[in-house]
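Chemist: Predicted coordinates and the sequence they were generated for:
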Amino acid sequence: MTVKECFNKAAAKYDLNCQLQLATGEKLLSLIGTADKVIDLGCGTGITTIKLKYKQLYALDISEKLLDLAKIRLGSKNITYLEMSFDDFSGLNLDLAFANMSLQWSQDLQQTLNHIKANLNPSGTLAFSIPMLGTFAGLQTAVMSFLSLAQVMDLLTDWQIIHSKSEEINYLFPSLIDSLRSIKSVGANYCATQEKRIISRDKSPHVLKYNIGYFIVRKR
């Protein structure tokens, strides 16, 4: 199953299960202000997008089903919807690129960052949150890999760093199976490898760990 298929499958119940994305989105929004031309990279159902302050908005997502829900929530005034990947838009001359818990799905994050920069105005800003190394720690079934804070900072060498911070967010579930279901419920269960893992049926409570990085960077 592709990334797109995973998110399409989860679209109908996404808003009921996106507590983490809502929390990180609120924190990221608190770090930015109003901008004229804005793009939301991985807008999902628009549940965080609707809180952005802009004059013109581009709402981008790879999932047509999530984008359909965003259209219902956001309407059409001063909004252009883009069903495509992070690297496919062009010529937008943006003031702000906003990406809440989405850039980890990039096939090549350095390439994506370069592409975003090429579409920003000279003083344009990128604001993003991203799960980092330590996310899903202790989850033996996880095969996703995450970058460390130092690795992310290395990718941002050519940007002016305005803000960078990480925090640990933990969620307690009745069992390991329940924690895995929470990941799947928002479409975040894609894996680039088809490797099979044995899932424990242990019924004891399980803590699902996230290490989230928040970055505000400016083009230079």
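Modeler: Happy to help now that I have it.
Chemist: In terms of secondary structure, what does the strand or helix carrying D178 contact?
Modeler: Following DSSP states H and E, one finds D178 within helix 176-184. Contacts defined by 3 or more Cβ pairs under 8 Å, 6 or more residues apart in numbering; DSSP states H and E place helix 176-184 against strand 159-173, strand 206-219. Glycine gets a C-beta too; all of them are placed from N, C-alpha and C.
Chemist: redo that, cut-off 10 Å
Modeler: Contacts defined by 3 or more Cβ pairs under 10 Å, 6 or more residues apart in numbering; DSSP states H and E place helix 176-184 against helix 3-10, helix 14-17, helix 19-29, strand 159-173, strand 206-219.
Chemist: list the buried ones in that helix?
Modeler: Residues of helix 176-184 classed as buried: L176, I177, S179, L180, S182, I183 (neighbour count, 16 or more other Cβ atoms under 10 Å).
Chemist: Let me know the closest of those residues to F7.
Modeler: I183 (12.4 Å; Cβ to Cβ).
Chemist: Go ahead and confirm the closest one touches I177.
Modeler: No. In this structure, I183 is not within contact of I177 by Cβ atoms under 10 Å, at 11.0 Å.
Chemist: Show me the shaky parts of this structure.
Modeler: Where the chain drops to pLDDT under 70, the residues are 140-143, 186-187, 189-202.
Chemist: Out of the buried residues of helix 176-184, flag the one nearest to E83.
Modeler: Out of these, the member with the shortest distance to E83 (by Cβ to Cβ) is I183, at 23.8 Å.
Chemist: picking that back up, who wins for proximity to S76 among the helices and strands packed on helix 176-184?
Modeler: helix 14-17 (20.1 Å).
Chemist: for the closest one, packing partners?
Modeler: helix 19-29, helix 64-74, helix 176-184.
Chemist: who wins for proximity to A99 among these?
Modeler: helix 19-29 (8.6 Å).
Chemist: strands paired with the following helix or strand past that closest one, and their directions?
Modeler: Where DSSP H and E defines the elements, the next helix or strand beyond helix 19-29 is strand 35-41. Strand partners for strand 35-41, identified by DSSP bridges, are recorded as strand 54-61 (parallel), strand 94-100 (parallel).
Chemist: Run the chain-centre distance for strand 35-41.
Modeler: 15 Å (Cα atoms, centre = their mean, to the nearest Å).
Chemist: repeat for stretch 126-142
Modeler: Using Cα atoms, centre = their mean, the offset of stretch 126-142 from its chain centre is 11 Å.
Chemist: same thing with stretch 112-128?
Modeler: On Cα atoms, centre = their mean, the centre of stretch 112-128 falls 16 Å from that of its chain.
Chemist: What residues of that stretch count as buried?
Modeler: T112, L113, H115, I116, K117, N119, L120, G124, T125, L126, A127, F128.
Chemist: Wait, a helix at the third one?
Modeler: Yes. Membership of H115 in a helix is supported by DSSP: H, G, I helix; E, B strand; the rest coil.
Chemist: Name the nearest residue to it, ignoring sequence neighbours.
Modeler: Distances taken as Cβ to Cβ, 6 or more residues apart in numbering put D87 closest to H115, at 5.0 Å, once the chain neighbours are dropped.
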